[in-house]
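**Student:** What would the 3D arrangement of this be:
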Amino acid sequence: AGHWIPDMFEWSGCTSSLDSSQKPTRKSVRILWEQLYDCDPDVVLIGCCGFDLKRNMMDSIQAMDKLKPLRAFREGRIYAADGNLFFARPGP
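**Tutor:** As a prediction, the model looks like this:
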């Protein structure tokens, strides 16, 4: 995550599960599965910029085996969102 996504986290009252050395910056970075497993987030939102809801849902389904070890998966808190609509446009 990068660009304005960290601002969106802050404005929404969310905090990143990544430790401070891994937290997103203004520059987009790839987060490895091992990093995700290490922080074991409460919620996972799959809303990739440039992809609509259908695409993000398909990607979520394809990644299901990799998502299964996460607490968010076990507790039913993995969500797909329309990245084009909610995350690919700058502005409040």
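**Student:** As a check, name the ranges of all helices in the protein.
**Tutor:** Taking DSSP state H, the helices of the chain run over residues 5-12, 33-39, 53-62, 64-67, 71-74, 83-86.
**Student:** Report the helix or strand with the lowest average pLDDT across the chain.
**Tutor:** Ranking every helix and strand in the chain by mean pLDDT, DSSP states H and E puts helix 5-12 at the bottom, with a mean of 77.
**Student:** centre of the chain versus that one, how much separation?
**Tutor:** Here helix 5-12 is found 12 Å from its chain centre; the criterion is CA atoms, centre = their mean, to the nearest Å.
**Student:** circling back: out of the helices of the chain, name the one with the poorest average pLDDT.
**Tutor:** Looking at the helices of the chain, the lowest mean pLDDT belongs to helix 5-12 (a mean of 77).
**Student:** what about dumping the CA coordinates of that helix to CSV?
**Tutor:** The C-alpha coordinates for helix 5-12 follow below in CSV (Å, rounded to 0.1, in the frame of the first residue of the first chain):
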residue,chain,number,x,y,z
ILE,A,5,-3.8,4.6,1.4
PRO,A,6,-1.9,5.3,4.6
ASP,A,7,-3.9,8.5,5.0
MET,A,8,-7.1,6.6,4.4
PHE,A,9,-6.1,4.2,7.2
GLU,A,10,-5.5,7.1,9.6
TRP,A,11,-8.7,8.9,8.7
SER,A,12,-10.8,5.7,9.2
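**Student:** Go through that helix and flag the buried ones.
**Tutor:** Within helix 5-12, the residues that count as buried by 16 or more other CB atoms under 10 Å are Ile5. For every residue, glycine as well, the C-beta is placed using N, CA and C.
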